[in-house]
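Colleague: Predicted coordinates and the sequence they were generated for:
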Amino acid sequence: MAESSEPLDGPVDRSCSRTRAWVDEAVRKVVADANRSADTHLHVFPLPESWGIDLYLKDESVHPTGSLKHRLARSLFLYGLSNGWIREGTTIVEASSGSTAVSEAYFARLIGLDFITVVPRSTSPEKIALIERYGGRCHFVDRPPEMYTEAERLAAETGGHYMDQFTYAERATDWRGNNNIAESVFEQLAMERHPIPEWIVVGAGTGGTSATIGRYLRYRRHHTRLAVVDPENSAFFPGWVTGARDYATGMPSRIEGIGRPRIEPSFVPDVIDLMLPVPDAASIAAMRHLESVTGLCAGGSTGTNLWGVWQLIARMLADGTRGSVVTLICDGGDRYRHSYYDDSWVAAQGMDLAPYTAALERFLASGEWSPPEKR
């Protein structure tokens, strides 16, 4: 056993004015970044007036790093700084090849720290370039399941901090308010004709967003219900249905930012009122349909959200419910020009978007919801 030079029968002072000063300044920089950023827009999707239903899309793509994950990264950095896990010189390590890594690289650079993210070797050059734009470095693994353990190893090897978004996402955000996404939505709806929505629809990647919104709805005693949509290959929907917290598919999601091969620790199933599985072709068709109707260019997870929204609005029409529905534009579509918006890429994935696009156009024209049968 190692011997300590500190006496064990008296007070032990581990405080360091320099360390606290650095943390104070780092927190100030992160909070100042939030203060410089305006709230994200709440767009209105044009629906037939006779329906008596309003659809709002909260546009998270306008954050400085272009996605919903900017909120998560900010919360994770403040959580790590406040817990004493992040200090001057700490190397930040994450397991992410997507938008979370981009946003965490941004905040690491903001406070002067190195950032390494563990990514599959198959990660697209576009994603790598986005991470590197903010000074991040990519560490490659051959198999996606290896990302977690390799991130832990790198953090230990460098004396760094493993951010572990999949564990801490639901803990890092103050779900009672403090300008979280749920509070922001309700403040922006205050002057609308249906200020308390019937449904809020989101996807799950870490599970942090759905946990924050679901808790906030209960805390504020709103009648709003939370629906979570899930793409193909993801473990969240079957795990929610069966109640199996260890459910795993072992398969990656084709829809960036949502869906996981296993149930993640930050996923809180008991705050979810409804889960809807969504075919990947439907996600991409709905994403493209959004741009054709509104000019808003979004990523695939936004399409997943919208496919769920249309099902819920169809239910509202069927039972005569008037009210509002809110969902998220999770990120911008420009980063997917060589995938989701590329017809050759879609065809190579074996997806036929035409039946889903036709179903959306028919629904908005007639109110008749008749999606293609799953093959």
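Modeller: Happy to help now that I have it. Residues are numbered from 1 along each chain as shown.

Colleague: buried set for the helix or strand where S210 lies?
Modeller: Using DSSP states H and E, S210 sits within helix 208-219. Residues 208-217 are the ones in helix 208-219 that count as buried (16 or more other CB atoms under 10 Å). (Each C-beta comes from the backbone N, C-alpha and C, glycine too.)

Colleague: Turn these into TSV, columns for distance to Q188.
Modeller: Rendered in TSV, the data for the buried residues of helix 208-219 read as follows (distance: CB to CB, whole Å):
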residue	distance to Q188
G208	21
T209	16
S210	19
A211	21
T212	16
I213	14
G214	19
R215	19
Y216	14
L217	16
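
Colleague: Quick check: the farthest pair among these?
Modeller: Greatest spatial distance among the buried residues of helix 208-219 (CB to CB): G208 and L217, at 15.1 Å.

Colleague: Next secondary structure after the lowest-mean-pLDDT helix or strand in the chain?
Modeller: For the chain, using mean pLDDT, DSSP states H and E, the weakest element among its helices and strands is helix 125-133, scoring a mean of 89. Past helix 125-133, further along toward the C-terminus, the next helix or strand under DSSP H and E is strand 137-141.

Colleague: Other residues contacting that next one?
Modeller: Residues from elsewhere that reach strand 137-141, judged by CB atoms under 8 Å, 6 or more residues apart in numbering: 97, 114-121, 123, 128, 131-132, 147, 150, 154.

Colleague: closest to L364 among those?
Modeller: After measuring those against L364 - CB to CB - the closest member comes out as S97, at 34.8 Å.

Colleague: Which parts of the stretch 201-350 of the chain are helices?
Modeller: With DSSP state H, counting those that start in this stretch applied, the stretch 201-350 of the chain shows helices at 208-219, 236-242, 280-294, 300-319, 343-348, listed in chain order.

Colleague: could I get these as JSON lines with mean pLDDT and distance to F186?
Modeller: As requested, these are exported to JSON lines (pLDDT from 0 to 100; distance: least, CB to CB, whole Å):
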{"stretch": "helix 208-219", "mean pLDDT": "97", "distance to F186": "8"}
{"stretch": "helix 236-242", "mean pLDDT": "98", "distance to F186": "25"}
{"stretch": "helix 280-294", "mean pLDDT": "98", "distance to F186": "23"}
{"stretch": "helix 300-319", "mean pLDDT": "98", "distance to F186": "18"}
{"stretch": "helix 343-348", "mean pLDDT": "97", "distance to F186": "37"}
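
Colleague: For those, please prepare TSV with the additional fields distance to A248.
Modeller: Rendered in TSV, the data for the helices of the stretch 201-350 of the chain read as follows (distance: least, CB to CB, whole Å):
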stretch	distance to A248
helix 208-219	19
helix 236-242	8
helix 280-294	19
helix 300-319	20
helix 343-348	27
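
Colleague: Tell me which of the ones you listed lies nearest to P265.
Modeller: Between P265 and the helices of the stretch 201-350 of the chain, the tightest spacing by CB to CB is seen for helix 208-219, at 10.4 Å.

Colleague: same for the closest one, what does it pack against?
Modeller: Using 3 or more CB pairs under 8 Å, 6 or more residues apart in numbering; DSSP states H and E as the contact test, the elements touching helix 208-219 are helix 165-172, helix 181-188, strand 199-203, strand 225-230.

Colleague: Next, the residues that contact it from outside, please.
Modeller: In this structure, residues lying in contact with helix 208-219 by CB under 8 Å, 6+ apart are 68, 72, 165, 169-170, 172-173, 175-177, 180-183, 200, 202-204, 224-226, 228, 266-268, 271-272, 328.

Colleague: Narrow the residues you listed to those that are buried.
Modeller: Burial by neighbour count, 16+ other CB under 10 Å: within those this picks out 68, 72, 165, 169-170, 172-173, 175, 180-183, 200, 202-204, 224-226, 228, 266-268, 271-272, 328.

Colleague: Next, the contact list for A314, please.
Modeller: Counted by CB under 8 Å, 6+ apart, A314 has contacts 363, 367, 369.

Colleague: Apply 7 Å and report the result again.
Modeller: Under the criterion of CB atoms under 7 Å, 6 or more residues apart in numbering, the contact partners of A314 comprise 363, 369.

Colleague: those strands in the stretch 1-150 of the chain, which residues are they?
Modeller: Chain-ordered strands for the stretch 1-150 of the chain, with DSSP state E, counting those that start in this stretch as the definition, fall at 42-45, 53-59, 92-95, 115-120, 137-141.

Colleague: The second one packs against which elements?
Modeller: With contacts defined as 3 or more CB pairs under 7 Å, 6 or more residues apart in numbering; DSSP states H and E, the secondary structure elements packing on strand 53-59 are strand 42-45, helix 300-319, strand 323-329.

Colleague: ok, and for the longest one, which residues are buried?
Modeller: Judged by neighbour count (16+ other CB under 10 Å), helix 300-319 contains these buried residues: 300-313, 316-317.

Colleague: A155 versus L113, what's the distance?
Modeller: 13 Å (CB to CB, to the nearest Å).

Colleague: now do R87
Modeller: From R87 across to A155, the span is 13 Å (CB to CB).

Colleague: Please apply the same query to D246.
Modeller: Distance, D246 to A155, using CB to CB: 24 Å.

Colleague: The two: which has the busier surroundings?
Modeller: Neighbours were counted for D246 and for A155 using other CB atoms under 10 Å; A155 has more, 21 against 8.

Colleague: list the contacts for P252?
Modeller: With contacts defined as CB under 7 Å, 6+ apart, P252 is in contact with 144, 233, 261.

Colleague: ok, the first one touching P120?
Modeller: Yes - in terms of CB atoms under 7 Å, P144 counts as a neighbour of P120; the distance is 4.8 Å.

Colleague: quick one, which of those two is more surrounded?
Modeller: Summary of the neighbour comparison: P144 and P120, criterion other CB under 10 Å, with P144 having more neighbours (19 against 16).

Colleague: If anything else comes up later, I'll come back, but that's it for now.
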